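Asker: build me a model from this:
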Amino acid sequence: QVALVESGGGLVQAGGSMRLSCAASGGTFSNYGRGWFRQAPGKVREFVAGFTTNGGPYYADSVRGRFTISRDNAKNEVYLQMESLKPEDTAVYYCAATQTESPTRATYTRYYPYWGQGTQVTVTV
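Answerer: Modelled structure (predicted):
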């Protein structure tokens, strides 16, 4: 059974840093694009950063220059390094896998058939 598992969330003060990890099990995602999304209370799930199957990385405007996505295909893992965190970054963060080549489609949840369970990131003032 294919599964994605996020880790590394928690509580951090504004201006701080945090690194999220996403491990895959039950299959290999080396040929898949990988993405990070987030969902704040009362809001829709939104794209944060990702790779398509053949390109990237791509970032949401709200995190560009502060967040960095990276991947280690040998370990079947993807990471999100978050710097200069703001209270508005508070959300549940999800990793996901996609087979799209399109940078535009890679920003939509419906193109990701595989999802992790999410990890909470809380940024305090």
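Asker: nearest residue to residue 112 other than its sequence neighbours?
Answerer: Among residues not flanking residue 112 along the chain, residue 96 sits closest, at 3.8 Å (C-beta to C-beta, 6 or more residues apart in numbering). The C-beta positions use only the backbone N, C-alpha and C, and glycine is treated the same way.
Asker: quick check, pLDDT for the one you found.
Answerer: The per-residue pLDDT reported for residue 96 equals 96.
Asker: ok, whichever strand or helix holds it: who's next to it in the sheet?
Answerer: Using DSSP states H and E, residue 96 maps to strand 91-98. With DSSP bridges as the test, strand 91-98 is paired with strand 33-39 (antiparallel), strand 114-115 (antiparallel), strand 119-124 (antiparallel).
Asker: name the residues that touch it?
Answerer: 4, 6, 9, 20, 22, 24, 29, 32-40, 43, 45, 48, 50, 52-53, 78, 80, 105-106, 109, 111-121 (C-beta atoms under 8 Å, 6 or more residues apart in numbering).
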